[in-house]
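Trainee: my questions are about this predicted structure, shown below with the sequence.
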Amino acid sequence: MRPLDENETTQVFEKLYKFVGNNLKNIVENPAHEGPDSNPGRYCFRLQKNKVYYVSESLVKRATNIGRDNLVSLGTCVGKFTKGGKFHLTVQALLLLASNAKHKIWLKPTSEMSFLYGNHVLKGGVEKITENIVANDGVVVFSMSDVPLGFGIAAHSTQESRKLDPNANVVLHQADIGEYLRMEDEL
Amino acid sequence: MAAKRKKNSRTKKVELPEDSDNSSDSKLQNDNLIEQEIDDEEMSDSDGDNPFTDDFLQGDEDEEEKGSDSGDESDSDSDDEDLEVKSRAIDEEREREEEEANAELQLNIKEEPDEFQLPTQKELEEEGQRPPDLPNLQKRIKEIVRILSNFKDLKHDGTKRKDYVDQLKIDLSSYYGYNEFLIGVLVEMFPVVELMELIEAFEKPRPICLRTNTLKTRRRALADVLINRVPIGATPEYMAGHYMLQSASSILPVMALAPQEKEKIVDMAAAPGGKTTYIAALMNNAATEQLSPGIIYANEMKEPRLKSLTANLHRMGVTNSIVCKYDGRELPKVLGVNSVDRVLLDAPCSGTGVISKDESVKASKSTEEIFKCADLQKQLILAAIDVVDATSKTGGYIVYSTCSMMIPENEAVIDYALRKRDVKLVPCGLDFGQPGFIRYREHRFHPSLEKTRRFYPHVHNMDGFFVAKLKKMSNTKPKKDTDAKIQKPNSINKAGEESQQDDGDQNKKENGKKGGVVPENGKKRSPSNHNSGKKRKFPAKKEIPKA
C-alpha cells in the first residue's frame, strides 16, 4: 500500500472533479472521525494492487502492519488503474460521489431496472435532471426515492437533451449498483 | 363374515324345520332345534357353504326373507318358549362374537409389539437388498420411538434397549440420509422424542431473514418498499445496500458481542460479511455522518470468499474496515498481541447445525473431521484471546460461535480456552436459548459453561448454533511448562480425583503460578484457576470435593 504519486493523483482528482466539481475540496479535506483516536485525521488516498482507496489516516496507520500480500481492502475503494495506466471509477465510489455530486439525474421507476442491467439511460426514462449539465460531465443517477443507482457521462447538455427524442441516450452508463450482483468477481 | 354366515345358517336352520313343520312348535322340536343349533355350529361352516356356493346372492336373499318370514311367523305363532329359545340363541351368538372379536383384538395387539420384535438379521439383509421401503421404515421408526419413550411398559421382553436404539439408528440413517456417525451422535445428545423433532426440523428450511442496514435506511421504510417485491435477492434496495439476507442465527453472535463506538474490533472469519457489516452498523459507521466509528478488521483466510466479503462491505456502505487475508492463527503476530478491544470468532466448523441448508453434511462427517475442526478451533480461539487487550476500557471481550451442535466443537473448545488463558465466561446477553452442556457422558466441563447458549431448529426455529462470550481478565498467559504437563496421558486422570490433586500440586510446585492447569481434556472440571495467580494449594483441595 502506498500513497499515490503525482500522476496518479492528478488522474484521480480529474475524474472526481467531473462528478463533484468543486466539492472535491470537501472530499479531500473531510475531517475523519474514524478510528479510536480523538483527533480527527484527514482522509487520504492509497494505492493497493492498482486499486485506489479512500481511507482515513488512522485507518491507514493501523493497516500498515498488514503485509502487502495480505491486505485486501481498506476503507472505500474509489476506482482502479487499468493496465494502460488509466483510472476508472468503480461503483464502490458511488456513496462518496452521490453525497457530493453536482450533476444528478432521476430515473423513472420503470427504467430503473434497465439501467441496473448496464444499459444507458434513455431520454424516455428520465424524470428529472439538474440544470447546467454540459456534455461529458459526470452525472450521478438516482431513483425517484433518492437511492443512488450509479453514475455515467452525460451525452449531451441539459438544453440539448430536452430536444431529443425519447430513445436517445442521455447518460452513458459507467457503473451501477447492479454490478454487485452481476460482476462480483471483478470488483 | 364367519359370524354372519353362522347367523344366517343358524337362522336358516331355525327356519327350515319350522317351515317344514310350519305351525308346530313343539317343545321337542325346539329342543331339537337347540341341539341342532349346537351341532349346527360345528357344522355350520360346511352347511353354510353349500347354499352359499350354489346360489350366492339368491341364497342370501332367500335366507333373509325366510328370516323375516320366520320372524313374523314366529311372532305370529309365538310361543314363549320359542322366543326364549331364539333369544337365548341370539344371546349366545352375541357372546361368541364378542369373544371372537376380543380374541382377534388380542391377537392384533399382540402382533404389533411382536412385529417390533426387531427384524432379524435375515430380514435386514433382505431389506438391504431391496430398495428402501420408506413407509415401512417410517412405521418402524415411529414404533421404536414409541417404545423407547416408554420403555418399561412397552418393551418386548428379551430385547435390550440398545438393540432398539441400534435399529432406530439404522432406520433413521436410511430414511433421512444421515451417515452412521452423525446419527449416533445425535441419538446420544437428545432424548428420543426430541431427536425426532430435531430431525424433522432439519428437513425443512428455516425462514429467511433480512437485516436492515441502519447505515442506509430505517426498518419501517424498508419494510414498506419490500413488501411487494419479489424476488428479494435482487431488488434495487438490495443493491443499494439497504439490507442483508442473513439467517437469524448469524445475528446472535454480534448481538452478544455488543460492539461500542470507537472500538477496534476483529472479525476473524468474516466472509461473507453478514456479521461484519452488522458490527459496523452497530458501531454507527455511518458513511455520511460524522460519528466515531472505530475500526473493524475483517479477516478471511480463503481467497474466493474474500471477494464476497469486500463486495458486501462496500455495498452496505462500510467505510471503516480493513480487510486482510490471514490465517486467523497468525493474527496476534500481525496485529500485535493485546491490541484490540473485541473479537468475534465465528469459527469454521462441521456445519452440523445448518443441515437444513446443506444436506451433504448429513452424510459426510466423521469423528476425524470433527476433531480436526475442534483442533483448529482451539488454536483459533487462543489466537483470538491473545489479540484482545484485557486492559481495554470498554472491551476485552471475545465471542465464540459456531453453527454446529457437536460437543467437541463447542463446549470442549471453550473449556480448553478457560484452562489455557486467563479468561472467564460471561452471560451472552441473549435471553433465549438453552444453556450449554456442563457434563455430557464422560466429560465434565467448567460450571460456568452454563452461560453459553445453544440454539436448536426445533426449539427456536433457527439454525443450530452455539454462542459463548468470554472476558479476558488479564494479559498473562500460563507458562509453556503447563503445556507439557497437559500432554500427559488422560488415562491417569480417569482413576479419580487423587491423581488430579497430585498433578495439581505438582504443577503448582513447579510453576508457582496460577496456571495450575488440570491436565486433560475436560474430563474434569477445573477448579477456578482464573483468579489472579495466588498459590492455591488449599483452596484447590477444598474445591475438588465440592466438585
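Mentor: Sure thing, it's come through.

Trainee: where does the prediction get shaky in chain A?
Mentor: A:30-41, A:185-187 (pLDDT under 70).

Trainee: the helices in it, which residues?
Mentor: Shown for chain A, the helices assigned by DSSP state H span residues A:6-20, A:24-28, A:57-63, A:94-100, A:109-116, A:158-163, A:179-182.

Trainee: most packed of these?
Mentor: With neighbours taken as mean count of other CB atoms under 10 Å in any protein chain shown, these reach their highest mean count in helix A:94-100, at a mean of 23. In this view, the C-beta of every residue, glycine as well, is placed from N, C-alpha and C.

Trainee: residues touching residue B:247, list them.
Mentor: Residue B:247 makes contact with B:206, B:208-209, B:354, B:357, B:462-463 under the criterion CB atoms under 8 Å, 6 or more residues apart in numbering or on different chains.

Trainee: list just the nearest of those residues to residue A:20.
Mentor: Nearest to residue A:20 out of the contacts of residue B:247 is residue B:209 (CB to CB; 36.8 Å).

Trainee: closest one to residue A:132 among the helices of chain A?
Mentor: Of all the helices of chain A, helix A:158-163 comes closest under CB to CB, at 6.5 Å.

Trainee: using CSV, write out every CA atom in the closest one.
Mentor: Output in CSV follows, covering the C-alpha atoms of helix A:158-163 (Å, rounded to 0.1, in the frame of the first residue of the first chain):
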residue,chain,number,x,y,z
THR,A,158,-29.3,19.7,-20.5
GLN,A,159,-30.6,22.0,-23.1
GLU,A,160,-30.0,19.6,-25.9
SER,A,161,-31.4,16.8,-24.0
ARG,A,162,-34.7,18.4,-23.9
LYS,A,163,-35.0,18.3,-27.6
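
Trainee: residue B:336 touches residue A:65, doesn't it?
Mentor: Yes - using CB atoms under 8 Å, residue B:336 is in contact with residue A:65, at 6.9 Å.

Trainee: not counting sequence-adjacent ones, nearest residue to residue A:118?
Mentor: residue A:173 (5.9 Å; CB to CB, 6 or more residues apart in numbering or on different chains).

Trainee: need the contact list for residue A:109.
Mentor: A:143-144.

Trainee: what is the neighbour count of the residue of the stretch 401-547 of chain B found nearest chain A?
Mentor: Nearest to chain A in the stretch 401-547 of chain B, going by CB to the nearest CB, is residue B:472, at a distance of 17.9 Å. Using other CB atoms under 10 Å in any protein chain shown, residue B:472 is surrounded by 25 other residues.

Trainee: and residue A:74, how far from residue B:323?
Mentor: Distance from residue A:74 to residue B:323, counting by CB to CB, to the nearest Å: 7 Å.

Trainee: so which bits of stretch A:147-166 are buried?
Mentor: A:147-156, A:158, A:161, A:164 (16 or more other CB atoms under 10 Å in any protein chain shown).

Trainee: could you export these to JSON lines, including columns for distance to residue B:189?
Mentor: Converted to JSON lines, these look like this (distance: CB to CB, whole Å):
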{"residue": "A:147", "distance to residue B:189": "47"}
{"residue": "A:148", "distance to residue B:189": "50"}
{"residue": "A:149", "distance to residue B:189": "50"}
{"residue": "A:150", "distance to residue B:189": "51"}
{"residue": "A:151", "distance to residue B:189": "54"}
{"residue": "A:152", "distance to residue B:189": "57"}
{"residue": "A:153", "distance to residue B:189": "62"}
{"residue": "A:154", "distance to residue B:189": "64"}
{"residue": "A:155", "distance to residue B:189": "65"}
{"residue": "A:156", "distance to residue B:189": "69"}
{"residue": "A:158", "distance to residue B:189": "69"}
{"residue": "A:161", "distance to residue B:189": "68"}
{"residue": "A:164", "distance to residue B:189": "69"}
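
Trainee: thinking again about what came up before, closest to residue A:85 out of the helices of chain A?
Mentor: If we rank those by CB to CB, the stretch that ends up nearest is helix A:6-20, at 8.1 Å.

Trainee: and chain B, which of the buried residues of stretch A:147-166 contact it?
Mentor: A:147-149 (CB under 8 Å from any CB of the partner chain).

Trainee: show me which of those is closest to chain B.
Mentor: residue A:147 (4.8 Å).

Trainee: so who does the closest residue to the closest one other than its chain neighbours touch?
Mentor: Once flanking residues are discounted, residue A:147 sits nearest to residue B:240: 4.8 Å by CB to CB, 6+ apart. Going by CB under 8 Å, 6+ apart, residue B:240 touches A:147-149, A:177, B:216, B:315.

Trainee: ditto for residue A:28
Mentor: Contacts of residue A:28 by CB under 8 Å, 6+ apart are A:42-43.

Trainee: again, only this time at 10 Å
Mentor: By CB atoms under 10 Å, 6 or more residues apart in numbering or on different chains, the contact list for residue A:28 reads A:13, A:16, A:42-45, A:54.

Trainee: what about residue B:173, neighbour count?
Mentor: Count around residue B:173 with other CB under 10 Å applied: 18.

Trainee: ignore the last one, residue A:65
Mentor: Residue A:65 - counted by other CB under 10 Å - has 16 other residues nearby.

Trainee: any chance you could read off phi and psi for it?
Mentor: phi -70, psi -20 (degrees, to the nearest 10).

Trainee: what is the neighbour count of residue A:42?
Mentor: Residues within reach of residue A:42, counting by other CB under 10 Å, total 13.

Trainee: coming back round to it: okay, and the common contacts of residue A:74 and residue B:323?
Mentor: A:63, A:66, B:297-298.

Trainee: give me the phi and psi for residue B:444.
Mentor: Torsion angles, degrees, to the nearest 10, at residue B:444: phi -130, psi 130.

Trainee: repeat that for residue B:405.
Mentor: According to degrees, to the nearest 10, residue B:405 has phi -110, psi 0.

Trainee: which ones are touching it?
Mentor: B:185-186, B:189-190, B:198, B:349-355, B:454-457, B:463-466 are the contacts of residue B:405 under CB under 10 Å, 6+ apart.

Trainee: can you give me the strands in chain A?
Mentor: Ranges of strands in chain A, per DSSP state E, are A:2-3, A:43-48, A:51-56, A:71-74, A:76-81, A:87-89, A:104-107, A:121-122, A:126-129, A:138-142, A:148-154, A:169-176.

Trainee: follow-up on the earlier one: of the contacts of residue B:247, closest to chain A?
Mentor: For the contacts of residue B:247, the minimum distance to chain A (CB to the nearest CB) is 16.9 Å, reached by residue B:208.

Trainee: got the phi/psi numbers for the closest one?
Mentor: phi -80, psi 140.

Trainee: what's the answer for the one 4 residues further on, then?
Mentor: Geometry field for residue B:212 lists phi and psi as phi -70, psi 140, criterion degrees, to the nearest 10.

Trainee: tell me the spacing between the residue nearest to it when sequence neighbours are not counted and chain A.
Mentor: Distance criterion CB to CB, 6+ apart; nearest residue to residue B:212, sequence neighbours excluded, is residue B:219 at 4.5 Å. Distance, residue B:219 to chain A, by CB to the nearest CB, to the nearest Å: 16 Å.

Trainee: please apply the same query to residue B:360.
Mentor: Taken as CB to the nearest CB, the span from residue B:360 to chain A is 24 Å.

Trainee: what is the burial count for residue B:126?
Mentor: Using other CB under 10 Å, residue B:126 has 11 other residues around it.

Trainee: next SSE downstream of the helix or strand harbouring it?
Mentor: Secondary structure assignment for residue B:126, by DSSP states H and E: helix B:121-129. Counting by DSSP H and E, the next helix or strand C-terminal to helix B:121-129 is helix B:134-149.

Trainee: now that following helix: buried residues?
Mentor: Here helix B:134-149 shows B:137, B:140-141, B:143-145, B:147-148 as buried, counting by 16+ other CB under 10 Å.

Trainee: same check on stretch B:165-184?
Mentor: B:165, B:167-176, B:178, B:181-184.
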